[in-house]
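Engineer: Sequence and predicted model, in that order:
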Amino acid sequence: MLIAILIGFVFALFLAFAGKFLKGKLSILISLIPLGLFVYFLQYIPSISEGKLLIENHQWIPSFGVNLNFRLDGLALLFSLMITGIGTLVFAYTSSYLKNHIYLDRFYSYLLVFMGAMLGLVLSDNLITLFVFWELTSISSFFLIGFNNTNPDSRRSAQTALAVTGIGGLLFLAGALILGNIAGTYQISEMIPLSEMIGQNAHYVLAVALIFGAAFTKSAQFPFHFWLPGAMKAPTPVSTYLHSATMVKAGIYLLFRLSPVLGGQAFWNTTLLIVGAVTMFYAAFHTLFRTDLKGVLAYSTIAALGILTFLIGLGTHEALLAAGVFILVHALYKATLFLMTGAIDLGTKTRDITALSGLRKVMLPIAVAGILAAISNAGIPPSVGFLGKDLIYESTLHFDHSSAIFLTILAVATNVLIAYAGYVAGVKPFIGKLPTGMENVDFPPLLIWLPPVLLAVLGFVFGIFPGLIQESLIKPI
């Protein structure tokens, strides 16, 4: 696993010296790196689905209990496949989207560093090692968000994102040190049997509050959500990779991973429930007032992250199952919508939804992808989104508390608003009359329309044949 993590960093270093030879048409070859890693992780599906684990330990600073401990289980495998699978499509998309860009090799270097950091984050079984990769994701995302460094808005957005997530990183380190001191170990798997003792410790609330600070800043929970819409100044491949499928879900991953250690306590569950509920409804409501396609997708992403935090706060088996399914569901349809938005922006030079309509006539494959993604986003059968939304309602209705009905109504209202956002982003630009002046919009290149179409279709394949993911990806979580 260590080699798989380091591959991204090694090739990023390679591009720093030889990247000029991989510009233009040859840049598509860089997509083979995440593709190879995707195939590597695919081979572990049978063993992980049988309940087996892959554990790898390397000494680093043993005197302090800080080692390179890696663990591949169901949760880590799900994230690893998303990071490398969606990464492969994003890398391929980038070769066309930023074709002939003077700094294309530099962009790929940043993407590779980010990919390696995310893999290290989700595979780490040591809190301090996880923190190191956590910070690497923040640093690499700073360069990606600010890639258009001649634009003051891009620079400002990158600085804001780094400041917010950087502060969260410091909170994470403090929380990890306290938690490690309580448990006598930094290894997460060794903390799980000690969860009851940790929950009774006098410093439990402080440790959890610090971990919350880290997770909430990384995953854009209210009131730390403001950095994510600003980060949409980044090129579309960045928005797709960081802000729908990977980085913003790092905070969710941390909460998921530490639930067996810190969960089951009123402070943990109640805080996550309240913060998640406020975030999901607040952000979903704000999608009504956005006219930029990326703005709509940014706030609907924040709402989805709020739903995941809300489900982890519920803490029941049904809720955690719903969260696991929704992580995959959201990654598929939101990555599709971002890639679709990039195609529209590239072809029409605008993302203003009030100026877009009838684009099905000039970019039919993109229209198909957007409409399919909107259907999955709305939770309409036979998409996998239907399964995800159904599981959310099931978990709220079966929640053993007097607030179950209220929570269900809140979840339904949030999803109605998110469904409308999906309609605005995925359907509205393609229906109606084509505006004057857009008749000559070029048909999108293969590598621009194929990745979103593949992701959109996959959402329906998994919806029609849920057994493909039930035993292999969802059950092991």
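Structural biologist: Perfect, thanks for sending it. Numbers count the residues shown, from 1 in each chain.

Engineer: Look at L177 and report its pLDDT.
Structural biologist: For L177, the pLDDT comes out at 96.

Engineer: Which helix or which strand is home to it?
Structural biologist: helix 152-183 (DSSP states H and E).

Engineer: Remind me what that helix packs against, helices and strands.
Structural biologist: Applying 3 or more CB pairs under 8 Å, 6 or more residues apart in numbering; DSSP states H and E, we find helix 152-183 packed against helix 127-145, helix 188-191, helix 195-200, helix 204-218, helix 227-230, helix 250-262. Any C-beta I mention is one placed from the backbone N, CA and C, and that applies to glycine too.

Engineer: Quick check: mean pLDDT of the longest one?
Structural biologist: If I follow you right, that is helix 127-145. On average, helix 127-145 scores 94.

Engineer: swap in stretch 194-203?
Structural biologist: Stretch 194-203 comes out at a mean pLDDT of 94.

Engineer: Also stretch 234-250?
Structural biologist: For stretch 234-250, mean pLDDT is 84.

Engineer: and what of stretch 53-71?
Structural biologist: So the average pLDDT for stretch 53-71 ends up being 90.

Engineer: Secondary structure element holding the closest residue to H398 other than its chain neighbours?
Structural biologist: Of all residues not flanking H398 in the chain, E318 sits nearest, at 5.7 Å (CB to CB, 6 or more residues apart in numbering). Secondary-structure assignment from DSSP H and E places E318 in helix 317-348.

Engineer: Measure how that helix sits relative to helix 250-262, angle-wise.
Structural biologist: Helix 317-348 runs at 170 degrees relative to helix 250-262, counting by axes from the mean of the first three to the mean of the last three CA atoms, to 10 degrees.

Engineer: start the count at 9, not 1, going forward
Structural biologist: That works, and once the first residue is 9, the last one we named lands at helix 325-356.

Engineer: could you point out which element follows helix 325-356?
Structural biologist: Going down the chain from helix 325-356, the next helix or strand is helix 372-386, by DSSP H and E.

Engineer: Mind giving me the packing neighbours of that following helix?
Structural biologist: Using 3+ CB pairs under 8 Å, 6+ apart: helix 372-386 touches helix 325-356, helix 392-405, helix 412-434, helix 454-472.

Engineer: Okay, buried residues for the helix or strand encompassing V47 please.
Structural biologist: Element membership for V47 (DSSP H and E) is helix 40-50. Across helix 40-50, burial judged by 16 or more other CB atoms under 10 Å covers 41-43, 45-46, 49.

Engineer: Ok, stretch 376-387 next?
Structural biologist: Residues 376-387 are the ones in stretch 376-387 that count as buried (16+ other CB under 10 Å).

Engineer: Now it - C-alpha only, CSV.
Structural biologist: Output in CSV follows, covering the C-alpha atoms of stretch 376-387 (Å, rounded to 0.1, in the frame of the first residue of the first chain):
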residue,chain,number,x,y,z
VAL,A,376,-27.8,12.9,-21.8
ALA,A,377,-25.2,12.9,-19.1
GLY,A,378,-26.6,15.9,-17.3
ILE,A,379,-30.2,14.6,-17.5
LEU,A,380,-29.2,11.2,-16.2
ALA,A,381,-27.2,12.8,-13.3
ALA,A,382,-30.2,15.0,-12.5
ILE,A,383,-32.5,12.0,-12.3
SER,A,384,-30.0,10.2,-9.9
ASN,A,385,-29.6,13.5,-7.9
ALA,A,386,-33.4,13.6,-7.5
GLY,A,387,-33.6,10.0,-6.3
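
Engineer: For P54, state which of the buried residues of stretch 376-387 is nearest.
Structural biologist: Nearest to P54 among those: S384, at 27.2 Å, using CB to CB.

Engineer: Please tell me I have it right and that closest one contacts F470.
Structural biologist: No. In this structure, S384 is not within contact of F470 by CB atoms under 8 Å, at 9.4 Å.

Engineer: hey, what's in contact with both of these two?
Structural biologist: 340, 392 (CB atoms under 8 Å, 6 or more residues apart in numbering).

Engineer: how many other residues sit next to the nearest residue to I413 once chain neighbours are set aside?
Structural biologist: Leaving aside its sequence neighbours, I413 sits nearest to L405 (CB to CB, 6+ apart; 8.0 Å). When neighbours are counted by other CB atoms under 10 Å, L405 registers 13.

Engineer: Would you enumerate the residues in contact with L405?
Structural biologist: For L405, the contacting residues are 412-413, 416, by CB under 8 Å, 6+ apart.

Engineer: sorry, back to before: tell me which other helices or strands the helix holding E326 touches.
Structural biologist: Judged by 3+ CB pairs under 8 Å, 6+ apart, helix 325-356 is in contact with helix 82-105, helix 244-248, helix 258-270, helix 301-322, helix 372-386, helix 392-405, helix 412-434, helix 454-472.

Engineer: Please work out the average pLDDT along that helix.
Structural biologist: The model assigns helix 325-356 a mean pLDDT of 94.

Engineer: show me where pLDDT drops low in the protein?
Structural biologist: 252-253 (pLDDT under 70).

Engineer: about what we covered before: with the buried residues of stretch 376-387 in mind, which one is nearest to L364?
Structural biologist: Of those, the one sitting nearest to L364 (CB to CB) turns out to be G378, at 10.9 Å.

Engineer: Quick check: closest non-adjacent residue to that closest one.
Structural biologist: Nearest non-adjacent residue to G378, counting by CB to CB, 6+ apart: G434, 3.9 Å away.

Engineer: wait, what's in contact with that neighbour?
Structural biologist: 345, 348, 378-379, 381-382, 385.

Engineer: still on that earlier bit, export the buried residues of stretch 376-387 as a markdown table, with columns for distance to I175.
Structural biologist: Listed next are those as a markdown table, based on distance: CB to CB, whole Å:
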| residue | distance to I175 |
| --- | --- |
| V376 | 42 |
| A377 | 37 |
| G378 | 36 |
| I379 | 40 |
| L380 | 39 |
| A381 | 33 |
| A382 | 35 |
| I383 | 39 |
| S384 | 35 |
| N385 | 32 |
| A386 | 36 |
| G387 | 35 |
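
Engineer: about what we covered before: starting at the chain centroid, how far to the helix holding E326?
Structural biologist: 8 Å (CA atoms, centre = their mean, to the nearest Å).

Engineer: got it, and stretch 387-395?
Structural biologist: Worked out by CA atoms, centre = their mean, stretch 387-395 lies 20 Å from the chain centre.

Engineer: ok, and what's touching it?
Structural biologist: 333, 336-337, 340-341, 380, 383-386, 396-398, 423, 427, 467-468, 470-472, 474, 477.
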